[in-house]
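*Asks:* No sequence on hand, only this structure:
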């Protein structure tokens with residue numbers, strides 16, 4: 001698996017984590033198994049790429065948005 005980043009954003013290696021869980025005050029939560037790459041934006045949004053080649057975006061105001069890139073396509077574009 002190759003991580004393809006065409007967004008211009010910098011991602012750091014978080015592959016040492018077995019999982020990552022985000023929990024909100026209302027009890028909502030998002031669990032991400034085997035995260036590999038992380039970018040934290042100035043606004044506090046988290047872009048995460050996991051070992052299943054799924055891309056996740058966690059931001060204030062909503063619980064979770066995730067996607068999986070098509071084979072051979074960029075995982076993050078902007």
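*Replies:* Sure thing, it's come through. Here the structure is a predicted model, which means the values were calculated and not measured.
*Asks:* Can you tell me the SS state at the residue of the chain positioned farthest from its centre?
*Replies:* Centroid-distance maximum for the chain: residue 26 at 21.5 Å, with CA atoms, centre = their mean. Using DSSP: H, G, I helix; E, B strand; the rest coil, the structure places residue 26 in coil.
*Asks:* Pull up the gap between it and residue 37, please.
*Replies:* As judged by CB to CB, to the nearest Å, residue 26 and residue 37 stand 28 Å apart. Quick note: C-beta positions are derived from backbone N, CA and C, even for glycine.
*Asks:* related to what we said a few turns ago, what separation do you get for the residue farthest from the centre of the chain and residue 11?
*Replies:* For residue 26 relative to residue 11 (CB to CB), the value is 29 Å.
*Asks:* ok, now residue 19?
*Replies:* Separation of residue 19 from residue 11 (CB to CB): 18 Å.
*Asks:* what does residue 68 give?
*Replies:* Distance from residue 68 to residue 11, counting by CB to CB: 17 Å.
*Asks:* quick one, which of these two is more surrounded?
*Replies:* residue 11 (18 against 13; other CB atoms under 10 Å).
*Asks:* tell me the contacts of the more buried one?
*Replies:* 3, 5, 37-39, 47, 49 (CB atoms under 8 Å, 6 or more residues apart in numbering).
*Asks:* again, 6 Å this time
*Replies:* 37, 39 (CB atoms under 6 Å, 6 or more residues apart in numbering).
*Asks:* now swap in residue 47 and tell me
*Replies:* 39, 57.
*Asks:* Give me the secondary structure label for it.
*Replies:* Reducing the assignment at residue 47 to three states with three-state DSSP gives strand.
*Asks:* burial measure for residue 53, as a count.
*Replies:* Neighbours of residue 53 under the rule other CB under 10 Å: 15.
*Asks:* what about the protein, any weak spots by pLDDT?
*Replies:* Within the chain, the set of residues satisfying pLDDT under 70 comprises 78.
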